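1. Test case, fold it:
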Amino acid sequence: MGKNQRKTKSIPNCRRRSLYVNFTQINYDKWIVAPEGFEAYECVGRCDFPLSDHLTPSKHSILQSIVHAIQPDKVGKVCCVPVRLAPISLLYFDEQGILTYKYHYDEMVVAECGCR
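-> Numbers count the residues shown, from 1 in each chain. Predicted structure coming up:
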């Protein structure tokens, strides 16, 4: 490798990555009885032009990525974000202090990431 060549770490494309949430660590154990935690996942990675179909880009994000490629100083990059969320089951105390089991506690797990 020559003097002017630098090794660059390749940043992977937008994807889902593990993120375990422990309710005790965030003080949610005061109202959530079970589970103790869960795999929530997070979205990380690049959203470079051209956007692949598997990243489920919106029409707006496709246009934004094109404009960013032409004028990067004027328009921000498209971001890797959750595009589909899934529920978990929770045993918790509701606002009235009643122990409640909810089979589908919505929007808790990243099911799919995409570029938006």
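
2. What ranges does the chain have for its strands?
-> 15-17, 20-22, 32-34, 37-39, 42-44, 80-93, 99-115 (DSSP state E).

3. Report the strands that pair with the first one, each with its relative direction.
-> Based on DSSP bridges, the strands next to strand 15-17 in the sheet, each with its direction, are strand 42-44 (antiparallel).

4. Check which residues of the partner strand are buried.
-> By 16 or more other Cβ atoms under 10 Å, the buried positions in strand 42-44 come out as residue 43. Any C-beta I mention is one placed from the backbone N, CA and C, and that applies to glycine too.

5. Need the contact partners of it.
-> For strand 42-44, contacts defined as Cβ atoms under 8 Å, 6 or more residues apart in numbering pick out 12, 14-19, 80-82, 110, 113-114.

6. before we move on, the earlier item: need the strands of the chain in CSV (columns: mean pLDDT and distance to residue 67).
-> Shown next, in CSV, are the strands of the chain (pLDDT from 0 to 100; distance: least, Cβ to Cβ, whole Å):
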stretch, mean pLDDT, distance to residue 67
strand 15-17, 96, 24
strand 20-22, 98, 36
strand 32-34, 97, 43
strand 37-39, 98, 36
strand 42-44, 98, 22
strand 80-93, 97, 18
strand 99-115, 96, 14
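
7. what's around the residue nearest to residue 88 when sequence neighbours are not counted, how many residues?
-> Computed as Cβ to Cβ, 6 or more residues apart in numbering, the closest residue to residue 88 that is not its neighbour in sequence is residue 108, at 4.6 Å. Residue 108: 17 surrounding residues under other Cβ atoms under 10 Å.
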